[in-house]
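[1] heads up, no residue letters with this:
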């Protein structure tokens, strides 16, 4: 296989997967949920008392905010979070997005 073909395949797979670092689990994970069960909180603090299950960080690789948040939401669902508290998003000069969020679980009142 030609070197340029290999490089193109590697770059394509990198961009397709995005640059989401593994979630840093800091709390007690629960059973996985569907991503649709995870409520998204943008910048405003959730209206519940919550515990942080994991920190999620994206360092690029997404060209729309929606695709980045969708992937973060999936990561939150995998650790059993019922909420994704988005703390920061930024669009880079190359049009990629990066961001940070907390995978959270609302506690009973």
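    Sure thing, it's come through. The shown structure was predicted, so the numbers you read here are calculated from the model rather than taken from an experiment.
[2] for this structure, which segments count as strands?
    For the chain, the strands defined by DSSP state E cover 24-25, 39-42, 50-62, 83-91, 97-106.
[3] residue contacts, the closest residue to residue 91 other than its chain neighbours?
    In space, and not counting its chain neighbours, residue 91 is closest to residue 97: 5.5 Å by C-beta to C-beta, 6 or more residues apart in numbering. (Each C-beta comes from the backbone N, C-alpha and C, glycine too.) With contact taken as C-beta atoms under 8 Å, 6 or more residues apart in numbering, residue 97 is in contact with 58, 60, 62, 63, 64, 65, 68, 89, 90, 91.
[4] just the pLDDT for residue 12.
    Listed pLDDT for residue 12 reads 38.
[5] hey, which helix or strand in the chain has the poorest pLDDT?
    Using mean pLDDT, DSSP states H and E, the weakest-scoring helix or strand in the chain turns out to be helix 3-17, at a mean of 38.
[6] spatially central, which residue of this protein would that be?
    Most central in the chain under C-alpha atoms, centre = their mean is residue 72, positioned 1.8 Å from the mean C-alpha point.
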